[in-house]
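*Asks:* Attaching a predicted model along with its sequence, questions to come.
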Amino acid sequence: MKTYLIKKLLQKDGWKNELYITVDENNLITELSNEKPEGEFFPMDGYLIPGFKNAHSHAFQYAMGGLNESIPESAEGDDFWSWRENMYSLALSISPDELQEIATNLYMEMRRHGYTHVAEFHYLHHDTEGLPYKNPAEMSERLMVAANQAGLALTLVPIFYQMGGFNLEPNERQRRFISKDVDSYLELYEEIKKSAEKFNNVIVGAGVHSLRAVKNEDIIKLFKKLPSGIPKHIHISEQIMEVRDCVSHLGKRPVEWLCENVKLNEEFHLVHSTHINDEELKMIIDAKANVVLCPSTEANLGDGLFPLKDFHLAGGNYSIGTDSHIGLSPMEELRWMEYGVRLIEKKRNPLCKPGENSADLIFHKTQEAGLMAMGRSANDYFEVGNNFGGLLIQTDNPLFKDKPEEAILSTLIYSAGPEHLKYR
């Protein structure tokens, strides 16, 4: 057993002063107390906060960074769909060893920037010919190894990918992603769960790539068959063309169709949801589902801006993710998520009611939904039975020195970077 004195610790209801935390040999918290212990204890200087949760990652896309920021002479323009063709080319070239190397480097960088848990939206399942590996979970297991080596908790979300678009057969460039039907996907899902049993830091969720990538009847069938109690992820309404195609083929907008055909709840995490209307926004909130926002990637791809102000003020739940990893700082994701609203509204602190603080609001919102995206729940950020991990804000740094307690999160999110954080 080992006891630490935390000068300032952040819980869901605010900062706590002079808290003694005792942990066992597995780093699990056994006691939190305001009472000074009789034996030895170790002071920790700084402000201790929970680590950031990265709710959406495509690890292999980290290798694309900087390679797609120009327009070929033969092209008329560049958008999400042209970027996707370059992504397909990369996906067809990566070996298991290369995926593990890319993911290890990525996860180490995530950890350096302040993330402690990532949800990996994983569909690079098969070999370069589109055939299952001898170990069907080969690529998933390489991600688990990478996370373990990097010291990052992982929620592996194997993705059901079946079609090349609404009523379109998959094309050759998608061959490494494809499960032909629900049963094939579930067989892969079970193999991945077996692999996860070898690791202490892995949770397995499940998901569908998008409405365009799986037959509508199979989306309904899969979500009925999946167990409760696991996180369920799906891309939705990221592109205007995707919304138009959905209306054309299914007669409904994407979120509208999903809400009417699948029983959504707090286990569902709708990634992007950029182009939703007011009715769909209300449907998500009424279902208690969550949205995952990826500001740096959504900006890089030219996706558009999610209606965050209306969603937030109506009580919606949302987390952040780094998606294609064009940016890796959680502080940057949070500040640009909120700055997008400022630019639209042409006002400062547009999410706040009088007496509220922007940083406090978005930090706690994304922590809560981020935990759910990982398949975890907790009554508080630090509690008995949980792993004692977090981030120490280095308050001896001039940026934080002499700042009042109520300005610490604002300073971190709007002015700081990973150099101001230290892993506990």
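*Replies:* Arrived safely, thanks for sending.
*Asks:* make it CA atoms for all contacts and neighbour counts henceforth
*Replies:* OK.
*Asks:* Pass me the low-pLDDT residue ranges in the stretch 201-350 of the chain, would you?
*Replies:* Along the stretch 201-350 of the chain, no part satisfies pLDDT under 70.
*Asks:* Spell out, range by range, the strands that occur in it.
*Replies:* With DSSP state E, counting those that start in this stretch as the criterion, the stretch 201-350 of the chain has strands at 202-204, 206-208, 232-236, 268-272, 290-293, 317-320.
*Asks:* out of those strands, which comes closest to N397?
*Replies:* strand 317-320 (26.7 Å; CA to CA).
*Asks:* so what secondary structure elements neighbour the closest one?
*Replies:* Here strand 317-320 touches strand 52-57, strand 290-293, helix 330-345, helix 358-373, going by 3 or more CA pairs under 8 Å, 6 or more residues apart in numbering; DSSP states H and E.
*Asks:* ok, the shortest one: who's next to it in the sheet?
*Replies:* Translated: strand 290-293. Here strand 290-293 has these sheet partners by DSSP bridges: strand 268-272 (parallel), strand 317-320 (parallel).
*Asks:* picking that back up, any chance of the helices and strands packed on strand 317-320 in JSON lines, plus mean neighbour count and distance to L154?
*Replies:* Below are those laid out as JSON lines (neighbours: other CA atoms under 10 Å; distance: least, CA to CA, whole Å):
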{"stretch": "strand 52-57", "mean neighbour count": "28", "distance to L154": "10"}
{"stretch": "strand 290-293", "mean neighbour count": "28", "distance to L154": "17"}
{"stretch": "helix 330-345", "mean neighbour count": "19", "distance to L154": "17"}
{"stretch": "helix 358-373", "mean neighbour count": "22", "distance to L154": "11"}
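*Asks:* Rebuild those as TSV, extending it with distance to G389.
*Replies:* TSV is the format used below for the helices and strands packed on strand 317-320 (distance: least, CA to CA, whole Å):
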stretch	distance to G389
strand 52-57	11
strand 290-293	23
helix 330-345	17
helix 358-373	14
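*Asks:* Determine which of the ones you listed approaches Y423 most closely.
*Replies:* Using CA to CA, the nearest of the helices and strands packed on strand 317-320 to Y423 is strand 52-57, at 11.4 Å.
*Asks:* Contacts made by the helix or strand following the closest one with the rest, please.
*Replies:* Next helix or strand after strand 52-57 toward the C-terminus (DSSP states H and E): helix 80-91. With contacts defined as CA atoms under 8 Å, 6 or more residues apart in numbering, helix 80-91 is touched by 60-61, 64, 68, 124, 173-174, 176, 301-303.
*Asks:* Ok, stretch 127-141 next?
*Replies:* Residues contacting stretch 127-141 (CA under 8 Å, 6+ apart): 92-96, 99, 122, 124-126, 156, 158, 175-178, 188, 191-192, 195-196.
*Asks:* repeat for stretch 377-390
*Replies:* 10-12, 23, 27-32, 48-51, 116, 371, 423-424.
*Asks:* Also stretch 300-308?
*Replies:* Contact with stretch 300-308 is made by 79-80, 83, 238-239, 272-276, 293, 298, 326, 340-341, as judged by CA under 8 Å, 6+ apart.
*Asks:* Just the contacts of stretch 127-141: which are in strands?
*Replies:* Cross-referencing these against strands under DSSP state E gives 122, 156, 158.
*Asks:* Specify the beta-bridge partners of the last one.
*Replies:* The bridge-partner assignment for P158, based on DSSP bridges, gives H122.
*Asks:* what about it, how many residues close to it?
*Replies:* For P158, the count of nearby residues is 28 (other CA atoms under 10 Å).
*Asks:* And the first one, by the same measure?
*Replies:* Other residues near H122 number 23, with proximity taken as other CA under 10 Å.
*Asks:* can you check the second one too?
*Replies:* For L156, the number of neighbouring residues by other CA under 10 Å comes to 26.
*Asks:* Look at the residue nearest the centre of the chain and report its pLDDT.
*Replies:* Closest residue to the average C-alpha location of the chain: A55 at 0.9 Å, with CA atoms, centre = their mean. In this model, A55 is scored at 98, pLDDT.
*Asks:* beta partners of the residue lying closest to L226 once chain neighbours are set aside?
*Replies:* Leaving out its chain neighbours, the residue that sits closest to L226 by CA to CA, 6 or more residues apart in numbering is A206, at 7.9 Å. A206 forms beta bridges with K232, as assigned by DSSP bridges.
*Asks:* which residues sit in contact with A206?
*Replies:* Neighbour list for A206: 156-159, 189, 226, 230-233 [criterion: CA under 8 Å, 6+ apart].
*Asks:* Kindly recompute the last result at 6 Å.
*Replies:* Contacts of A206 were listed using CA atoms under 6 Å, 6 or more residues apart in numbering, and they are 157-158, 232.
*Asks:* now swap in D24 and tell me
*Replies:* So D24 contacts M1 (CA under 6 Å, 6+ apart).
*Asks:* any idea how far L152 is from it?
*Replies:* Separation of D24 from L152 (CA to CA, to the nearest Å) stands at 20 Å.
*Asks:* phi, psi of the nearest residue to F52 once chain neighbours are set aside?
*Replies:* Among residues not flanking F52 along the chain, Y115 sits closest, at 4.5 Å (CA to CA, 6+ apart). In terms of degrees, to the nearest 10, the main-chain angles of Y115 are phi -80, psi 140.
*Asks:* if we can go back for a sec, my guess is the residue nearest to the centre of the chain contacts G321. True?
*Replies:* Yes: counting by CA atoms under 6 Å, A55 does reach G321; the two are 4.6 Å apart.
*Asks:* Helix, strand, or coil at V118?
*Replies:* Classification of V118 using DSSP: H, G, I helix; E, B strand; the rest coil returns strand.
*Asks:* my guess is it contacts N54, does it?
*Replies:* Yes: applying CA under 6 Å as the test, V118 and N54 come out as touching, 4.5 Å apart.
*Asks:* Export the strands paired with strand 290-293 as JSON lines, with columns for distance to L131 and mean neighbour count.
*Replies:* Conversion of those to JSON lines gives the following (distance: least, CA to CA, whole Å; neighbours: other CA atoms under 10 Å):
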{"stretch": "strand 268-272", "distance to L131": "28", "mean neighbour count": "26"}
{"stretch": "strand 317-320", "distance to L131": "33", "mean neighbour count": "26"}
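*Asks:* Nearest approach to K16 belongs to which of the ones you listed?
*Replies:* Among these, strand 317-320 sits nearest to K16 (CA to CA), with 24.2 Å.
*Asks:* quick one: that closest one to chain centroid distance?
*Replies:* 8 Å (CA atoms, centre = their mean, to the nearest Å).
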